[in-house]
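>>> Structure of the sequence below:
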Amino acid sequence: MTICHTLQRAAVAATMVSASLLTLPSPAQAAQLPSACQTAIAEFEDKLPVQQFTVPDKVKSTLLQELLMISDADQQQFTENACRAWNTWSTANAAAVAKDLDTRYQNTAGLECQKFVHATIGTLKKYSPNIPAATRPMETVAKKVWGNAMQKLSTAATNTTCQQAYSNVKAGW
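Numbers count the residues shown, from 1 in each chain. Sure, this is the predicted structure:
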């Protein structure tokens, strides 16, 4: 599986709760992800059966842009062991995470941007402490990507409400 193909398949999954998988190697570097990481990306969206939760297209594209710009050092955080730990955790917890995302999204009033950030940050804060220690280096990278993307979105948003929503969550979880 090429990195470019991996990124395409991971765009939605990467913007979900997968704090540990928010970053992927750039296709320009043409490195292969460890097999457990490829599995995590390929299967994550199927493991997370959300019904209500929606990621705005602008958020998806901005996160993907940030993913493509991660450093070599950040790419090194995607190890076989870390991704294997993530796979085990996500298999056991994805249904609960999806339900939490859907509930928060559905119960949040306002624009799509507000619903997205409220559901995402609330769920990340709830589940992040339970993610295996082996995934923490990937989570650190994910937080960088998230912060950079939310900063760009808060600056670029034409709607004041969305500007504020993205600005409020740029510090992450």
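
>>> Please identify which helix or strand holds residue 119.
Using DSSP states H and E, residue 119 maps to helix 112-127.

>>> Next secondary structure element downstream of that helix?
helix 136-156.

>>> any idea of the angle that following helix forms with helix 112-127?
160 degrees (axes from the mean of the first three to the mean of the last three C-alpha atoms, to 10 degrees).

>>> tell me what helix 136-156 is packed against?
Here helix 136-156 touches helix 57-67, helix 80-107, helix 160-169, going by 3 or more C-beta pairs under 8 Å, 6 or more residues apart in numbering; DSSP states H and E. Quick note: C-beta positions are derived from backbone N, CA and C, even for glycine.

>>> and residue 46, which of those is closest to it?
With C-beta to C-beta, the closest approach to residue 46 among the helices and strands packed on helix 136-156 belongs to helix 80-107: 8.9 Å.

>>> Would you mark the buried spots in that closest one?
82-87, 89-90, 93-94, 97-102, 104-105 (16 or more other C-beta atoms under 10 Å).

>>> Quick check: the closest residue in space to residue 56 that isn't next to it in sequence vs residue 101, distance?
In space, and not counting its chain neighbours, residue 56 is closest to residue 112: 5.4 Å by C-beta to C-beta, 6 or more residues apart in numbering. Residue 112 sits 14 Å away from residue 101, going by C-beta to C-beta, to the nearest Å.

>>> quick check: angle from the helix or strand that contains residue 36 to helix 136-156?
Assessed by DSSP H and E, residue 36 sits inside helix 35-47. Put simply, helix 35-47 runs at 50 degrees to helix 136-156, going by the same axes, to 10 degrees.

>>> Now do helix 35-47 and helix 80-107, the angle between them.
Angle, helix 35-47 to helix 80-107, by the same axes, to 10 degrees: 20 degrees.

>>> With that, I have no additional questions.
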